[in-house]
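[1] Model the following, please.
(one chain, ligands or ions: 1)
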Amino acid sequence: MIKIVLIRHGQSVWNVENRFTGWTDVDLSENGLVEAHHAGTILKKNGYSFDIAFTSVLKRAIRTLWTILQEMDLMWIPVYKSWSLNERHYGALQGLNKAETAAKYGEEQVLLWRRSVDIRPPALDKNDPRYEASSPRYQSLKEEEFPLTENLEDAEARVLKYWDDKIVPALKEGQKVIIAAHGNSIRALIQYLDNVSADGIVNLNIPTGIPLVYELDDDLKPIRHYYLGMGGEVTEEILPNEQQKEK
Ligand SMILES: O=C(O)[C@H](O)COP(=O)(O)O
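    Residues are numbered from 1 along each chain as shown. As a prediction, the model looks like this:
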């Protein structure tokens with residue numbers, strides 16, 4: 001049996017402001033940093049260790065990973081960063097408040113943009129200051145490859161390519177792997193691993209900063225998965241930050 005740990009970054013400053021974030025490079029909130037420290041403590045207390053780590057090129061995920069590795073005294077392990085693990089690109093919605101956007105376009109339309117598989121948010125214009133194709137962190141991307149918006153299918157295509165090219169080989173070599181990423185890049189991977197239907201994935205939300213353990217067989221097919229708390233597997237439902245706030 002192979003174990004892999006997935007974790008969504010801790011709460012970000014735009015999670016607090018309830019803004020669409022996507023590829024915008026915002027940092028963790030104070031609470032998000034606490035979540036990251038707590039996640040590292042949980043993993044260490046439950047006897048986990050890692051040989052290799054993967055994350056995105058966005059600081060909220062990178063800092064979450066750094067903080068976890070700091071708590072586990074594993075800052076020396078190799079860390080690979082790739083835009084492939086970035087949050088899905090939210091296009092022209094990036095920076096807008098989610099509640100205000102729902103008031104303007106309707107709850108149903110916003111839910112479709114946030115949680116459907118094949119509906120893309122409005123695209124970003126290349127003249128928009130939020131268009132970051134020239135950022136040094138994306139120098140490996142050809143301009144035509146740089147997204148102006150993404151649906152979950154688009155994000156899943158790049159996440160799965162990275163999974164096959166970089167993460168599967170590490171797992172097959174017996175390396176213990178942690179992936180620190182984003183709500184929708186993790187949803188994309190889970191849809192693939194658990195073969196979740198388009199209808200089923202709409203209701204899947206990933207909480208911030210809580211380790212999610214996947215146990216895989218030798219063919220990397222999921223056996224079971226669970227969130228981890230101080231006392232081990234967490235059985236009760238965990239609500240993502242936004243839902244907690246909305247409760
Ligand atoms: O990119 C964002 O806005 C959040 O990180 C994830 O947003 P969502 O939960 O609305 O997809």
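
[2] For the ligand, what is the nearest residue in the protein?
    Thr21 (3.5 Å; C-beta to the nearest ligand atom). To be clear about C-beta, it is placed using only N, CA and C from the backbone, and glycine gets the same treatment.

[3] Get me the contact residues on the chain for the ligand.
    Residues of the chain found near the ligand (C-beta under 6 Å from any ligand atom) are Phe20, Thr21, Gly22, Glu87, Tyr90, Arg114, His182, Gly183, Asn184.

[4] picking that back up, secondary structure class for the residue of the chain closest to the ligand?
    Following DSSP: H, G, I helix; E, B strand; the rest coil, we place Thr21 in the coil state.

[5] what residues are up against the spatially most central residue of the chain?
    Of all residues in the chain, the one closest to the mean position by C-alpha atoms, centre = their mean is His182, 1.5 Å from it. By C-beta atoms under 8 Å, 6 or more residues apart in numbering, the contact set of His182 is Arg8, His9, Ser56, Leu58, Arg60, Ala61, Leu85, Asn86, Glu87, Arg88.

[6] contacting residues around the third one?
    Read that as Ser56. Taking C-beta under 8 Å, 6+ apart as the test, what Ser56 contacts is Ile62, Lys81, Ser82, Trp83, Ser84, Leu85, Asn86, Glu87, Ala180, Ala181, His182, Ser185.

[7] Tell me which entries of the contacts of His182 lie within strands.
    Cross-referencing the contacts of His182 against strands under DSSP state E gives Arg8.

[8] Can you select the buried ones from the contacts of His182 in ChimeraX?
    Buried members of the contacts of His182, defined by 16 or more other C-beta atoms under 10 Å, are picked up in ChimeraX with:
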select :8,9,56,58,60,61,85,86,87,88
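
[9] Can you lay out the contacts of His182 as JSON lines showing distance to Asn205 and pLDDT?
    As requested, the contacts of His182 are exported to JSON lines (distance: C-beta to C-beta, whole Å; pLDDT from 0 to 100):
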{"residue": "Arg8", "distance to Asn205": "10", "pLDDT": "98"}
{"residue": "His9", "distance to Asn205": "14", "pLDDT": "98"}
{"residue": "Ser56", "distance to Asn205": "19", "pLDDT": "98"}
{"residue": "Leu58", "distance to Asn205": "19", "pLDDT": "98"}
{"residue": "Arg60", "distance to Asn205": "17", "pLDDT": "98"}
{"residue": "Ala61", "distance to Asn205": "17", "pLDDT": "98"}
{"residue": "Leu85", "distance to Asn205": "18", "pLDDT": "98"}
{"residue": "Asn86", "distance to Asn205": "18", "pLDDT": "98"}
{"residue": "Glu87", "distance to Asn205": "14", "pLDDT": "98"}
{"residue": "Arg88", "distance to Asn205": "14", "pLDDT": "97"}
